[in-house]
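1. got a sequence here, can you build the structure:
(chains A and B)
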Amino acid sequence: MSFDLDRVLKGRVWKFGDSIETDAINPYYQYPTMDEMKQHTLETYRPEFAREVKAGDILVAGRNFGCGSSRPGLVLREVGIAAIVVESAARLFLRNSIARAMPIFLAPGITGIVNEGETLEVDYAAGEVRNPATGARVNLRKFPPLIERILKSGGLPEFARERYLAEAKAELAGNRQ
Amino acid sequence: MAQTMAEKLLSRHNLAGAPACAGDIIEARIDGAMCHYHAAEPMHDLALQAGFKDGLPRVWDPDRVFVLLDHHQPTLSQAQADKNALMRREVERLGIQCFHDAEPGISHQMMADYGLMRPGELVVGNDSHTISYGALNAGGAGITRADMMFVLLFGELWFQVPQSVKVILDGRQPNYPIAKDIILYLAGKYGDDFAGSMSIEYAGSLVPELSIDSRMCLSAHGVEVGAKFALFPFDERTREFLKQRTDKPYTPIAADADALYEKEIRLNVDEMPFVVARPHQFGNVCPVDDVAGTRIDQAQIGSCANGRYEDIEIAARMLKGRKVAKGVRFLISPASQQVYLQCLKAGLIEPLVEAGAQVITPGCGICQPKVGFLSDGEVCITATTRNFKGRKGSQKADIYLGGPLTVTAAAVAGQIANPREVFDEL
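-> From the prediction side, this is the model:
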C-alpha cells in the first residue's frame, strides 16, 4: 500500500506521551491476531483509544515513539490512523514505517502546537505541520530521496521486487545480445 | 578525515566506495543476516505480499544467512509449531546452510557461541537485540522484517550513518557483574533515548576488565537507550573468545583518535550505587535503597541481556547455603544450550536447585509472557531486557529491572533489598 507524500493530510488528533513502546502498540502477547490487536492497541495508555479512533485520525506523540522491539505499527493503520507525527521515533519503528509505507513524520516541537482532539494538517510538500485553529506550525523533516522512492513504491518488499524484476530483465536482455 | 567506529564500519561496507560520514544515507554490503523465529515473514509472507507468488525467489548468499528457530522451544503453541514447519521447508528450498532448528536458546547468544559473526563485520538481524554483537566489535544492528526481505534478496541495505556517543567507563570491576547496573544507571541519568539512533562506543579504563558476558549485556541494552550500534573495542579478551569459535579471518575496527562525537558521557563505576528500574520504563531508575522493602512474588535471571555464565554464577555463588524466600518463584534461564552446559560443568545448577530456584529451558520465554506469567498485583524483579506494562502478563503487575546480584538478593530476602545487606560476604 503506497501513500501519496504530496497530499495534505488533515485529521483529529490523539495525543500520547514519550517512549510509547511497541508492546503497547502491538499487545500481541495477549492478543496474537490482528483482529484482536485492533481492539486492544494502546489500551495500556488509553483504554478508549481502540474503541473511539476513527479513520483519518492523526496520532501525535512525544520523543522516542515506538521504542522496544522490532515490531511494526501496522495495527495503527488498520484502525484508521492516517498519520503519525512525533517529536522523535525509535529507529526500528521508523525503519518499519518506511519499509511498510506507513505515513510517519518527524516534527520536533509538534507536542507544543496541538492539543488532544484538535485538528492537525500535515503538509509534507510544504515541509510543515499546522494547527489551523491557532495558526501554529512546525517544520517536519523531509526524507532523503531513497526513502521517498521506497515510500512511493509502497514499501521495501515492493521496492525489492521492482529491483529484482528490473535486474532479471536486464540480465535477459544481456544474454540475448 | 578522522572517523568514529560506526563511520569506519559503514565506510568499509559502503557500496558507493566512498567514506561514510555521520548523517549520510548509504547503501551497505551485508556480511551476515540473522533470522530467528520470525523468518517466515521475510522468506514467505512479505515475499507473497510483494508479488513473488512462490515466495522469495532466492537468497543472495546461502552461506551468509543464519536461521535459528529460537525464542520458544519446545514450541508453546500449535501456531508456532506450524510456523516452524513452514520455516524448515523454506530453509531447505532456499538452500540455507546454517540452520539451528532443534536447539533451544536465544539466537544472539548462539551467534556468539558458534562464532557466526566477527569483528568489523556488518551483521543484521530481524530482532532488536541484534545490537549485542557490538560486544565482539561486530556491527550488529537490528532491522525490520521487511528490511530483512531486501537483505535476503540482495545482501544490501540502506543505513543512515549514525552520530556517535562515547561512553567512558572508569573504575574497577568488583567480583560480581555490574553491567546491568551501568546501563540502567546511564538510562536513569541521561534518559531512555540518550543514544537515540546513534552509535555507542564504549571506552575507558574499566573496558579491558569487562568480561565478554558483561559487554554483551551492555551492547544488547544499546537498543533500550535507542542506539543503532553499541560497539566495544577489539582486545585480547575478544581475540581469546573468538579463537575457540571461528577460524575465519577478520579485521577489527577502531576509532581514530580525533574522531568527532556528538557527546561524551563519563561514569566512574566505583561511585555507582546498585540501581533498579521501577515499573514500567527502562529509564525509570533509582538506587535500590529507594525501593528496598518492596515485597516480591517472582525473581528472574535470563534473556539476551543477563542469561550468561557470569549472571548465573553470581546467583549460584550467593545461594550456596541459603534458601529462596518462601513463596518466591525464582526462575533462571540460561541464554543457550552452550551456556547451560558451561553452568552444568561448573557445578552451578545444583546449588540453584537446592536453594529452591527453578532452572528453565534456554530461550526468550522468561523475558516475555511465555514462561512465568504474573497475576494482578504481583511484583517481579528481573534481570531480563524490558519492564513494560504487561511484559509478564497482567497489566496490573509491577516489573522491576535489576542486575543478577540484586535479583538474587531479592529472591533470598523476599523483598527488594540492597545486596550488601543480604550477603554479608560482599
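2. can you get me a residue count around residue 46?
-> No chain specified, so I'll use chain A. 17 (other C-beta atoms under 10 Å in any protein chain shown). From N, CA and C alone the C-beta is placed, and that goes for glycine too.
3. actually, chain B is the one I wanted.
-> Count around residue B:46 with other C-beta under 10 Å applied: 28.
4. same thing with residue B:331?
-> Residues near residue B:331, counting by other C-beta under 10 Å, number 21.
5. assign it to helix, strand or coil.
-> strand (DSSP: H, G, I helix; E, B strand; the rest coil).
6. one more: residue B:66?
-> Using three-state DSSP, the structure places residue B:66 in strand.
7. what distance do you get for the nearest residue to it once chain neighbours are set aside to residue B:63?
-> Excluding the flanking residues, the one nearest residue B:66 by C-beta to C-beta, 6 or more residues apart in numbering or on different chains is residue B:98, at 4.5 Å. Here the criterion is C-beta to C-beta, to the nearest Å. By it, residue B:98 lies 7 Å from residue B:63.
8. pLDDT score for residue B:275?
-> Turning to residue B:275, the model gives it a pLDDT of 98.
9. ditto for residue B:221
-> We have a pLDDT of 98 for residue B:221.
10. and residue A:27, by the same measure?
-> On the pLDDT scale, residue A:27 gets 92.
11. quick one: it from chain B, how far?
-> Taking C-beta to the nearest C-beta, to the nearest Å as the measure, residue A:27 and chain B are separated by 6 Å.
12. write out the residues of chain A neighbouring chain B.
-> A:19, A:21, A:23-24, A:27, A:29-30, A:32, A:44, A:63-64, A:67-70, A:72, A:88, A:90-92, A:94-96, A:99-100, A:144, A:146-147, A:155-161, A:163-164 (C-beta under 8 Å from any C-beta of the partner chain).
13. and the residues you listed, which of them are in helices?
-> Applying DSSP state H to the residues of chain A next to chain B, the entries found in helices are A:23-24, A:91-92, A:94-96, A:99, A:146-147, A:156-161, A:163-164.
14. phi and psi next, for the residue nearest to residue B:66.
-> Note on residue B:98: its backbone torsions stand at phi -90, psi 100 [degrees, to the nearest 10].
15. and it, how many neighbours?
-> 17.
16. hey, where'd the strands end up in chain A?
-> A:9-15, A:58-61, A:83-86, A:104-106, A:119-123, A:128-130, A:137-139 (DSSP state E).
17. okay if I get these as CSV plus mean pLDDT?
-> Listed next are the strands of chain A as CSV, based on pLDDT from 0 to 100:
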stretch, mean pLDDT
strand A:9-15, 98
strand A:58-61, 98
strand A:83-86, 98
strand A:104-106, 97
strand A:119-123, 98
strand A:128-130, 98
strand A:137-139, 98
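18. rebuild those as TSV, extending it with mean neighbour count.
-> Formatted as TSV, the strands of chain A follow (neighbours: other C-beta atoms under 10 Å in any protein chain shown):
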stretch	mean neighbour count
strand A:9-15	19
strand A:58-61	25
strand A:83-86	26
strand A:104-106	21
strand A:119-123	20
strand A:128-130	20
strand A:137-139	16
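19. for the stretch 251-400 of chain B, what lies in contact range of chain A?
-> B:281, B:283, B:368-370, B:386, B:388-391, B:393, B:395.
20. in these, find the pair that's most separated.
-> B:283 and B:370 (24.9 Å; C-beta to C-beta).
21. residue B:157 falls within a strand, correct?
-> Yes - membership of residue B:157 in a strand is supported by three-state DSSP.
22. how deep is it tucked in, by neighbour count?
-> The number of residues near residue B:157, taken as other C-beta under 10 Å, comes to 22.
23. I'd say it and residue B:147 touch.
-> Yes - judged on C-beta atoms under 8 Å, residue B:157 makes contact with residue B:147 at a distance of 5.9 Å.
24. what touches both of these two?
-> Common neighbours of residue B:157 and residue B:147 are listed as residue B:124 (criterion: C-beta atoms under 8 Å, 6 or more residues apart in numbering or on different chains).
25. domains in chain B, by residue range?
-> Domains of chain B are assigned by automatic domain parsing as B:5-267, B:276-418.
26. nearest to residue A:76, out of the ones you listed?
-> Using C-beta to C-beta, the domains of chain B put domain B:5-267 closest to residue A:76, at 15.1 Å.
27. sorry, back to before: for ChimeraX, write the select line for the buried members of the ones in helices among the residues of chain A next to chain B.
-> The ChimeraX command for the buried members of these (criterion: 16 or more other C-beta atoms under 10 Å in any protein chain shown) is given here:
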select /A:23,24,91,92,94,95,96,99,147,156,157,158,159,160,161,164
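28. spell out which parts of the stretch 51-200 of chain B neighbour chain A.
-> Close to chain A, as judged by C-beta under 8 Å from any C-beta, the stretch 51-200 of chain B has residues B:51-52, B:57, B:79, B:126-128, B:142-147, B:149-150, B:153-154, B:158, B:192-193, B:196-197.
29. so of those residues, which ones are in strands?
-> Among these, the members falling in strands (DSSP E) are B:142, B:158.
30. follow-up on the earlier one: dump the domains of chain B to CSV, plus distance to residue A:108.
-> As requested, these are exported to CSV (distance: least, C-beta to C-beta, whole Å):
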stretch, distance to residue A:108
domain B:5-267, 12
domain B:276-418, 20
